[in-house]
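Asker: Below is the sequence, then the predicted model.
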Amino acid sequence: MPRQTLSREIRRGTRGRAADRRHGRLLARILSAALVLTLSACVNLAPATRLPPPPIAGAWPDDAETAPAAARALRDLDWANYFQDGDMRRLIGLALEHNRDLRLAELRVREAEAAHRIQRADLSPSISAQGGIERSRVPGDLNLTGQPQIQSRSQAGIGLTHWEIDLWGRIRNLNDAALDDWLATDAARQAVRVALVRQVADSVLVLRELDQRAFLADEAVRNRRQSLEIFRQRKGAGSASELELTQVRTLLIQAESLQAQLQQERAAAAHALTLLTGVADADIARVAGIGLESMRLTRLEPGLPSEVLLSRPDIRAAEYQLRSAHARIGAARAAFLPRIALTSSAGSASAELDGLFGGGSQAWTFAPVIELPIFTAGRLRATLDVAEVRRDMAVATYEKSIQTAFHEVADALSARQGLARQLDIQARMAQTQAARADLAQLRYDSGAAPYLEVLDARRDLLTAQQQLVQVRRAWLSSQVALYATLGGGAGPAPPTSPAL
C-alpha cells in the first residue's frame, strides 16, 4: 500500500475513534443531565393531603365515666403488662404465635412491602449486559453480487432499558402510594393483633364464668339429690306428701338441665379458644384455676377523644389509605403530560468474533422517546375520575373509622360504669336471696310454710347466683373492651420507608 494511502487510513481511523469518544462523552452527559433532572426538577401533581377534622364531639358522653387526667400511653401498655393472670397471658402468647388470621395479616404486610420494592425499582434505571452472535444467509437476488452470502455479526455491551424520566412525579407518586399501602397493611395487622388479644382475653373470662356457673349448678344438683332422698324417706314414713316429693324432683331436674346446658356451652367456648390459639394441645382446662372475683385489671382513663382515637391502628390504616389515594391522583394527572424515556447501549460489534474487542469496534446507541397522548377515547380522564372518587371514598372511610372508634370507646366507658352498678346490685340480690332461702327452710322446718316456699326461694337463689357471675364477667369484659378500643397493645411502630 502506498505511504500516502496508509497515512490517510491511519488518520481516518484516528478521527473515527475520536468521534466515538466524543459521542460516548456526549451520551454520558445526556444521561447525567437526565438523572439530575429526574431527581431535582420533577413536579409533583398530587394534591396535598389534608386530613378532615374528626367528625366527633370534643368530649365523651355524659354516661361515660371518665376522669380529667390525661390518657395513659396505651400503645406502650403491652398486653403482658395489662393482663396479670398467668393462664391468660400464656394463651394470648400462644395465639399471637400460632393464630392463622394474624399469620395471614403478617403475610399481607410482607406482600405489600414486596410490592413497594417493585414500584420503587421504577425510579432507577435498569442496566443489563447484552451479548450475542448472529449468522444469516442472504440469497443472491437480494444483494448486489448476485451470489448467496453468509453474514455474521457479534456484539457485546451494556444497555439502559427504557428508563422513564419522571418529570411530572408519576412514578414517584406511584411509589408513595405503594409505601402508604404497605403502611396501611401493617396498621391493619396491628388492628388484627389487638382484636386477637381481646378475643382471647374475653374467651378466658367466658370459660371462667361458665366454670363458676357450672360449679354452682353442680352444688345445687348434689344438694337437691340429697333433698330428694330425704323426701323419699319421709314419703315412705308418711311425713311428706307426693306433691312435695314431686316439687323436690322438679327442682332437681331444673338444676340438672342447667348443668347439662353449661357443660355444652363450656365445651363450645373451649373449642373457640382452641381455634384462636391455633394450638390443639393448648391445655384449655387449666384456665379454671382462678375465680372471677380475684381477677384485677388496670383501670384506664381516656383523655380527649381527638387524642386517643387517632392512636388506634384501624384509624391509622384509614389515614394511610387516604394518603395513598392522594398520591394516585398525582399519578393519574401526570398521565396527561408527555413521557420521556431513554434507551441506550454502549459496547462493541464486529463481523467476526475475534474482532469483537479490537480497535474501532466500539458501538453505541442512544434512543430517547417522547410520548404525548393525543386521543385515548377518554381513558385518561376516566382514570383520573376513578382516582378522585376513590380519594373521596377514602375520606369517608377515614371519617367513618373515627366515628366507629368513638362509638366503641363510648360504649365501653358506659358499660364499665353501668356494669359496676349492676354488679353491686346483683351482689346484694344474691345475699338477699341466700337469706330468704335460709328463712324459708326454717319456716318449713317449723311447719309455718309449705315446701313450695322453699322451692321458690332456692330456685331464685340459684338464678341470682348465676346472674352475679354473668354480670361480673361482663364487667371484666368491658374493661378488656376499653383497653382494646383505645388502641392498647397495638405493638411496635409501623415500618419506615427504606432509604432510596
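Answerer: Here it is on my side, so go on. Since we're looking at a predicted model, the values are computed, not measured.
Asker: Going by C-alpha atoms from here, please, whenever you check contacts or count neighbours.
Answerer: Fine.
Asker: what does the average pLDDT come to for the strand ranked longest in the chain?
Answerer: Counting by DSSP state E, the longest strand found in the chain is strand 149-165. Across strand 149-165, the average pLDDT comes to 77.
Asker: Could you name the helices and strands sitting against the very next helix or strand once past it?
Answerer: Once the chain leaves strand 149-165, the next helix or strand it forms, by DSSP states H and E, is helix 170-237. In terms of contacts (3 or more C-alpha pairs under 8 Å, 6 or more residues apart in numbering; DSSP states H and E), helix 170-237 is packed against helix 86-98, helix 100-121, helix 242-277, helix 313-334, helix 451-485.
Asker: list the buried ones in the last one?
Answerer: Buried residues in helix 451-485, counted by 16 or more other C-alpha atoms under 10 Å: 451, 453-455, 457-462, 464-485.
Asker: tell me the angle it makes with helix 242-277.
Answerer: 10 degrees (axes from the mean of the first three to the mean of the last three C-alpha atoms, to 10 degrees).
Asker: please renumber so the chain begins at 57
Answerer: In the new count, where the first residue is 57, that last one comes out as helix 507-541.
Asker: in the protein, which segments are predicted with low confidence?
Answerer: Scanning the chain for pLDDT under 70 picks out 57-98, 118-132, 337-339, 341-346, 358-360, 362-364, 406-416, 545-556.
Asker: Surely residue 107 forms part of a strand?
Answerer: No. Using DSSP: H, G, I helix; E, B strand; the rest coil, the secondary structure at residue 107 is coil, not a strand.
Asker: just the angle between the helix or strand hosting residue 479 and helix 507-541, please?
Answerer: According to DSSP H and E, residue 479 maps onto helix 435-501. On the basis of the same axes, to 10 degrees, helix 435-501 is oriented at 150 degrees to helix 507-541.
Asker: which helices and strands sit right next to helix 435-501?
Answerer: helix 369-390, helix 507-541.
Asker: That helix vs helix 369-390, what angle?
Answerer: Put simply, helix 435-501 runs at 170 degrees to helix 369-390, going by the same axes, to 10 degrees.
Asker: Quick one: distance of helix 435-501 to the chain centre.
Answerer: 22 Å (C-alpha atoms, centre = their mean, to the nearest Å).
Asker: likewise stretch 99-106?
Answerer: 27 Å.
Asker: So for residue 268, which of the helices and strands packed on helix 226-293 sits nearest?
Answerer: helix 507-541 (7.2 Å; C-alpha to C-alpha).
Asker: burial of residue 301, as a residue count?
Answerer: Using other C-alpha atoms under 10 Å, residue 301 has 21 neighbouring residues.
Asker: I'd like to know how far it sits from residue 294.
Answerer: 12 Å (C-alpha to C-alpha, to the nearest Å).
Asker: Repeat that for residue 110.
Answerer: Distance from residue 110 to residue 294, by C-alpha to C-alpha: 77 Å.
Asker: Please identify which of the two sits among more neighbours.
Answerer: More neighbours surround residue 110 than the other of residue 110 and residue 294, with 18 against 11 (other C-alpha under 10 Å).
Asker: about what we covered before: distance from the longest strand of the chain to the middle of the chain?
Answerer: Using C-alpha atoms, centre = their mean, the offset of strand 205-221 from its chain centre is 47 Å.
Asker: before we move on, the earlier item: want to try a markdown table for the helices and strands packed on helix 435-501, with distance to residue 252 as columns?
Answerer: Formatted as a markdown table, the helices and strands packed on helix 435-501 follow (distance: least, C-alpha to C-alpha, whole Å):
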| stretch | distance to residue 252 |
| --- | --- |
| helix 369-390 | 13 |
| helix 507-541 | 10 |
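Asker: picking that back up, let me know which of the helices and strands packed on helix 226-293 is the nearest to residue 201.
Answerer: helix 156-177 (50.5 Å).
Asker: Report the buried residues of the closest one.
Answerer: 157-159, 161-162, 164-165, 168-169, 171-172, 175-176.
Asker: can you put those residues in JSON lines and add distance to residue 425?
Answerer: Formatted as JSON lines, the buried residues of helix 156-177 follow (distance: C-alpha to C-alpha, whole Å):
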{"residue": "157", "distance to residue 425": "48"}
{"residue": "158", "distance to residue 425": "47"}
{"residue": "159", "distance to residue 425": "46"}
{"residue": "161", "distance to residue 425": "42"}
{"residue": "162", "distance to residue 425": "42"}
{"residue": "164", "distance to residue 425": "37"}
{"residue": "165", "distance to residue 425": "37"}
{"residue": "168", "distance to residue 425": "32"}
{"residue": "169", "distance to residue 425": "31"}
{"residue": "171", "distance to residue 425": "27"}
{"residue": "172", "distance to residue 425": "27"}
{"residue": "175", "distance to residue 425": "22"}
{"residue": "176", "distance to residue 425": "22"}
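Asker: Go through these and name the one nearest residue 286.
Answerer: Checking these one by one against residue 286 (C-alpha to C-alpha), the nearest turns out to be residue 157, at 55.2 Å.
Asker: got the contact list for the closest one?
Answerer: Counting by C-alpha atoms under 8 Å, 6 or more residues apart in numbering, residue 157 makes contact with residue 248.
Asker: Please report the distance of it from residue 291.
Answerer: Taking C-alpha to C-alpha, one finds residue 157 at 61 Å from residue 291.
Asker: just residue 426 next, same as before
Answerer: 107 Å.
Asker: Looking at the two, which has the bigger crowd around it?
Answerer: residue 291 (16 against 11).
Asker: Please give me every residue in contact with that one.
Answerer: 297-298, 301.
Asker: Dump those into JSON lines; add distance to residue 498 as well.
Answerer: Below are the contacts of residue 291 laid out as JSON lines (distance: C-alpha to C-alpha, whole Å):
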{"residue": "297", "distance to residue 498": "19"}
{"residue": "298", "distance to residue 498": "21"}
{"residue": "301", "distance to residue 498": "18"}
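Asker: Turn the helices and strands packed on helix 226-293 into TSV, columns for distance to residue 221.
Answerer: Shown next, in TSV, are these (distance: least, C-alpha to C-alpha, whole Å):
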stretch	distance to residue 221
helix 142-154	45
helix 156-177	13
helix 298-333	50
helix 369-390	12
helix 507-541	46
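Asker: so which of the ones you listed comes closest to residue 134?
Answerer: Within those, the stretch nearest residue 134 is helix 507-541; the backing value is 10.2 Å (C-alpha to C-alpha).
Asker: roughly how far is the closest one from the heart of the chain?
Answerer: 36 Å.
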